[in-house]
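[1] Provided below for reference: sequence and predicted model.
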Amino acid sequence: MTQQNVVVSDTKSGINRAVTVAQKPPTVPGGYISYPRSRRVLKNLENNGEQRINAWVDSMRASSPTHAKSNPSLAEEQYKSWILRHPSALDMFEQIMDASKGKQIVMFLDYDGTLSPIVDDPERAFMSNSMRKTVRKLARCFPTAIVTGRCRDKVYNFVRLAELYYAGSHGMDIKGPSKNSKFFKGKKAEEVLFQPASEFLPMIDEVYQQLVEKTKSTPGASVENNKFCVSVHFRCVDEKKWGELAQHVKSVLKEYPKLRLTQGRKVLEIRPTIKWDKGKALEFLLASLGFANCAEVFPIYIGDDKTDEDAFKKLRDRGQGFGILVSKFPKDTSASYSLQEPNEASDGLSSAFGGVETS
Ligand SMILES: O=P(O)(O)OC[C@H]1O[C@H](O[C@H]2O[C@H](CO)[C@@H](O)[C@H](O)[C@H]2O)[C@H](O)[C@@H](O)[C@@H]1O
């Protein structure tokens, strides 16, 4: 990423600033466990071509709950051993609170699959009122950010809380709350707008149009324009057609070496090749809040899919705070803890932080 691509009102936040590891992760059972992660970034399609697309389709099949259900006893065994390594955040509440004592908690929340349940129609992934209440409560206590693959405006329309930070398009579109946020008053934090991929906008629009055209012939496929990235949805496509749809995506992308593919839940996401992801967005937001080199911060990131792993990993590398993966099924993850579903996340957050005194 070059300096001229950056639009940032907080020049002190240091996008490229090194962050020191100031503290060890909490030593509770199931704390940071290092797992070899399957490669999820399908980069440079021209070179990696066929095999990678096939590997992605295979991995999507393998991680589909339908396949887990085909061998329930094996699935149960695997889950038991996984949950020992990634215990429920609800059960570990006291340990988590102990580890965060005396530190400033900063909350990072993914949207789809974390704050809202996964549904077939991405336009109808609404957040419940009780979840909104919980997030509002959280934001009164801690700086809170939504970090999502969605376009920032769209996710704002779902969440409708002005007091939050929003990092849309996988962190390529970050906007902070207005200056009257309580976390700005007399503090180091500054208002922020950050769009490191703005030069890609025309290219993304072009690719979006082409993908819409190319995928028309695949029943159930849909394409979503997330401003700095594009999602091609597989959820409503017959599994037998996944390979074909992935080939369509590949055929469009081969003309755009400056774009790359990542994988989410039954979705392929097309985004600029800049070195930016949810982990970098987390780091950027911490720096914007004045916590770049601070040992007294305790970031908590809750997310459900592969793109959230960059943030989980960032926390592990910083040795601060922890990640919570929302999943009913065992997944290779750098998160420390787990929650089963968005409802659990709502209940957990509400009971965990509902009574916490604001600083
Ligand atoms: O980073 P996230 O907030 O998790 O966003 C990632 C993608 O989420 C959305 O897709 C997912 O949720 C849809 C609605 O429940 C579901 O239909 C789809 O299968 C999931 O992949 C969103 O529509 C995508 O654009 C985001 O990239």
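    Now that the structure is in, tell me what you want to look at.

[2] all helices of this structure, in order?
    Taking DSSP state H as the criterion, the chain carries its helices at 45-62, 65-69, 72-85, 93-100, 129-141, 152-159, 201-215, 242-253, 278-288, 309-318, 342-353.

[3] and the angle from the fifth one to helix 342-353?
    An angle of 30 degrees separates the directions of helix 129-141 and helix 342-353 when computed by axes from the mean of the first three to the mean of the last three C-alpha atoms, to 10 degrees.

[4] I'd like the numbering to begin with 312 instead of 1 from here.
    Sure, I'll start counting at 312 from here, so that last one is helix 440-452.

[5] give the other helices and strands that helix 440-452 contacts.
    strand 415-420, helix 653-664 (3 or more C-beta pairs under 8 Å, 6 or more residues apart in numbering; DSSP states H and E). Just so you know, the C-beta spots here come from the backbone N, C-alpha and C atoms, and that holds for glycine as well.

[6] excluding its backbone neighbours, what's nearest Arg447?
    Closest residue in space to Arg447, ignoring its immediate chain neighbours: Leu472 at 5.8 Å, by C-beta to C-beta, 6 or more residues apart in numbering.

[7] before we move on, the earlier item: for the helices and strands packed on helix 440-452, which one sits closest to Leu564?
    Proximity of these to Leu564 was assessed by C-beta to C-beta; the nearest stretch is strand 415-420, lying at 29.2 Å.

[8] give the buried residues for that closest one.
    Under the neighbour-count criterion of 16 or more other C-beta atoms under 10 Å, strand 415-420 has Gln415, Ile416, Val417, Met418, Phe419, Leu420 buried.

[9] one more: stretch 547-561?
    When burial is assessed from 16+ other C-beta under 10 Å, stretch 547-561 yields the following buried residues: Val548, Lys552, Trp553, Leu556, Ala557, Gln558, His559, Val560, Lys561.

[10] measure stretch 421-435 end to end?
    For stretch 421-435, the first and last residues are 16 Å from each other (C-alpha to C-alpha, to the nearest Å).

[11] which other residues reach that stretch?
    Stretch 421-435 is contacted by residues 420, 436-439, 442, 446, 457-461, 466, 469-470, 533, 535, 542, 544, 546-547, 576, 589, 612-616, 619, 637, 652-654, 656 when judged by C-beta atoms under 8 Å, 6 or more residues apart in numbering.

[12] and if we set it to 7 Å?
    Identification of contacts with stretch 421-435 by C-beta atoms under 7 Å, 6 or more residues apart in numbering yields 420, 436-438, 442, 446, 457-459, 461, 466, 469, 535, 544, 546-547, 576, 613-616, 619, 637, 653, 656.

[13] residue contacts, Gln546?
    Actually, residue 546 is Arg. It isn't Gln. By C-beta under 7 Å, 6+ apart, the contact set of Arg546 is Asp431, Lys577.

[14] that one and Lys565, how far apart?
    With distances taken as C-beta to C-beta, to the nearest Å, Arg546 is found 24 Å from Lys565.

[15] write out the residues of the stretch 412-561 of the chain neighbouring the ligand.
    Residues of the stretch 412-561 of the chain lying near the ligand by C-beta under 6 Å from any ligand atom: 421-424, 429-431, 433, 436, 459-461, 535, 537, 542, 544, 546.

[16] any regions of the stretch 512-661 of the chain where pLDDT drops low?
    Applying pLDDT under 70 to the stretch 512-661 of the chain picks out no residues at all.

[17] correct me if wrong: Phe633 contacts Phe609.
    No - taking contacts as C-beta atoms under 7 Å, Phe633 lies outside contact range of Phe609: 8.5 Å.

[18] mind checking which of these two has more residues around it?
    Taking neighbours as other C-beta atoms under 10 Å, Phe633 and Phe609 compare with Phe633 leading, 27 against 23.

[19] Ala478 bridge partners, please.
    Under DSSP bridges, the beta-bridge partners of Ala478 are Val458, Ile485.

[20] list the contacts of it.
    Applying C-beta under 7 Å, 6+ apart to Ala478 gives the contacts Ala456, Ile457, Val458, Thr459, Ile485, Ala592, Leu596.

[21] ok, of these, which one's closest to Met371?
    Proximity of the contacts of Ala478 to Met371 (C-beta to C-beta) peaks at Thr459, which lies at 20.1 Å.

[22] what about the closest residue to that closest one other than its chain neighbours? Give its phi and psi, please.
    Spatial nearest neighbour of Thr459, excluding adjacent residues (C-beta to C-beta, 6+ apart): Tyr422 at 4.1 Å. When read as degrees, to the nearest 10, the backbone of Tyr422 gives phi -100, psi -70.

[23] any idea how many residues pack against Tyr422?
    Counted with other C-beta under 10 Å, Tyr422 comes out at 23.

[24] run through the residues that contact Asp619.
    By C-beta under 7 Å, 6+ apart, the contact list for Asp619 reads Asp421, Lys589.
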